[in-house]
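Chemist: Sequence below, structure please.
(one chain, ligands or ions: 1)
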Amino acid sequence: MVSTASHIGDFQFKNVFMNAAGVYCMTREELETVRQSAAGTFVTKTATLESRAGNPEPRYHDVPLGSINSMGLPNQGLDYYLDYLLELQDTAPEDTFFLSLVGLSPDETHTILKKVEASAYQGLIELNLSCPNVPGKPQIAYDFETTENLLTEVFTYFTKSLGVKLPPYFDIVHFDQAATIFNKFPLTFVNCVNSIGNGLYIEDETVAIKPKQGFGGLGGQYIKPTALANVHAFYQRLKPEIQIIGTGGVLTGRDAFEHILCGASMVQIGTQLQKEGVGIFERVTAELKAIMAEKGYDSIEDFRGKLHYMD
Ligand code: RRO
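Modeler: Just a heads-up that it's a prediction; the model follows:
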């Protein structure tokens, strides 16, 4: 029997697929749709301390090779997602989910994480270090000093299972520097990658989204090679206790197969989930299982990280 089950830390998932933060995760209703689908789990929209309306619309646009967005971190606020997750902890105790969060300042991030630490929540937490779309707020993970200082402070009080959502890096030296920092901390996972920040898509003579004069994060087919490179670069560099979640350019079971070959332990779907709806989880699971069966792999551990090189 071919299985696409996986695990992150001590948490088991019946399927390696899940949504990427930002898609099908703003409300309980959307999260319930993912929960009731073939996905192995879900992640919430990145929560700030208070709810946010986000940037003006149109702020997301499907394009032929992917998507562009400048949502601006719209979300219902931490308590909304935390309350729902605590409810699920009682009603579905065998399941584990991911709570995505970040503050608009280091102080707010600490306030949020201290609230989560003090709560009864026992699931996974994804700290989003890579939102490209809040005007005036650079992506945290492109500033290595800020990132290291933030994580140093976080781990003075935080004891739950924490991972970080990373932007794509594009230079080998940056992979080395980032991995050296992450290896200093008891992170459970890193998630590679968030959207490629600040692309520009033009239709006729006009930008495709309203905020930031059209600049926005790219997702979808455009970003798979960059995503795979980041997954594999961190797989090669991080200590084995830090697992990798692969996100970016997953439209098919073959795309997921490649993410897992590069070292991913879970595979998230963003743009194509937005385009296709939650039925995608059944399709890509069947496609991945067919590839595994053809190759004689019973579990994802049979090929995870085993990318072939030419030398
Ligand atoms: O809300 C957004 O604009 C957004 C976020 Br927080 C993120 O992490 N990635 C992205 O592409 N958009």
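Chemist: Alongside the ligand, which residues does the stretch 101-250 of the chain contribute?
Modeler: Counting by C-beta under 6 Å from any ligand atom, the residues of the stretch 101-250 of the chain lying close to the ligand are 128, 130-133, 194-195, 217. The way it works is simple: take the backbone N, C-alpha and C, and place the C-beta from them, glycine included.
Chemist: For these, give me TSV that also has secondary structure and distance to residue 43.
Modeler: Formatted as TSV, those follow (DSSP: H, G, I helix; E, B strand; the rest coil; distance: C-beta to C-beta, whole Å):
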residue	secondary structure	distance to residue 43
128	strand	10
130	coil	14
131	coil	14
132	coil	18
133	coil	18
194	coil	12
195	coil	15
217	strand	16
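Chemist: Just the buried subset of those, please.
Modeler: 128, 130-133, 194-195, 217 (16 or more other C-beta atoms under 10 Å).
Chemist: Least confident of these?
Modeler: The lowest pLDDT within those belongs to residue 132, with 84.
Chemist: quick one: contacts for residue 306?
Modeler: Residue 306 makes contact with residue 261, according to C-beta atoms under 8 Å, 6 or more residues apart in numbering.
Chemist: okay, it: pLDDT?
Modeler: As predicted, residue 306 sits at a pLDDT of 98.
Chemist: Name the helix or strand for it, please.
Modeler: Using DSSP states H and E, residue 306 falls within no helix or strand.
Chemist: Where does pLDDT dip in the protein?
Modeler: Of all residues in the chain, none has pLDDT under 70.
Chemist: If you count residues, where's the longest helix of it?
Modeler: In the chain, taking DSSP state H as the definition, the longest helix is helix 280-295.
Chemist: got the buried residues for that helix?
Modeler: Using 16+ other C-beta under 10 Å as the test for burial, helix 280-295 gives 280-281, 284-285, 287-289, 291-292.
Chemist: Take those residues and lay them out in TSV including distance to the ligand.
Modeler: Shown next, in TSV, are the buried residues of helix 280-295 (distance: C-beta to the nearest ligand atom, whole Å):
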residue	distance to the ligand
280	19
281	21
284	21
285	25
287	25
288	25
289	30
291	28
292	30
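Chemist: For the nearest residue to residue 10 once chain neighbours are set aside, which residues are in contact?
Modeler: Using C-beta to C-beta, 6 or more residues apart in numbering and skipping the chain neighbours, the partner closest in space to residue 10 is residue 161 (7.9 Å). Residue 161 sits next to 8-11, 123-125, 188 when contact means C-beta under 8 Å, 6+ apart.
Chemist: Kindly recompute the last result at 6 Å.
Modeler: 9, 124, 188 (C-beta atoms under 6 Å, 6 or more residues apart in numbering).
Chemist: and which of these is nearest the ligand?
Modeler: Each of those was scored against the ligand by C-beta to the nearest ligand atom, and residue 124 proved nearest at 16.7 Å.
Chemist: isn't that closest one right up against residue 98?
Modeler: Yes. At 4.6 Å, residue 124 counts as touching residue 98 under the criterion of C-beta atoms under 6 Å.
Chemist: okay, these two: which has more neighbours?
Modeler: Using other C-beta atoms under 10 Å as the criterion, residue 124 and residue 98 rank with residue 98 on top: 27 against 23.
Chemist: Let me see the backbone angles for that one.
Modeler: Per-residue torsions, residue 98: phi -110, psi 130 (degrees, to the nearest 10).
Chemist: And it, how far from the ligand?
Modeler: Distance from residue 98 to the ligand, counting by C-beta to the nearest ligand atom, to the nearest Å: 13 Å.
Chemist: Which residues are in contact with that residue?
Modeler: Shown in contact with residue 98 (C-beta under 6 Å, 6+ apart): 43, 124, 126.
Chemist: so can I have JSON lines of those showing secondary structure?
Modeler: Converted to JSON lines, those look like this (DSSP: H, G, I helix; E, B strand; the rest coil):
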{"residue": "43", "secondary structure": "strand"}
{"residue": "124", "secondary structure": "strand"}
{"residue": "126", "secondary structure": "strand"}
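Chemist: Next, count neighbours for residue 46.
Modeler: For residue 46, using other C-beta under 10 Å, the count is 25.
Chemist: For it, give me its contacts.
Modeler: By C-beta under 6 Å, 6+ apart, residue 46 lies in contact with 21, 100, 102, 128.
Chemist: Taking those together, which two end up most distant?
Modeler: Maximum pairwise distance among those (C-beta to C-beta): 10.2 Å, between 21 and 102.
Chemist: my guess is residue 304 contacts residue 258, does it?
Modeler: No. Applying C-beta under 6 Å as the test, residue 304 and residue 258 come out as separate, 11.5 Å apart.
Chemist: just curious, which of the buried ones among the residues of the stretch 101-250 of the chain next to the ligand is nearest to residue 223?
Modeler: Looking across those and measuring by C-beta to C-beta, the closest to residue 223 is residue 195, at 7.1 Å.
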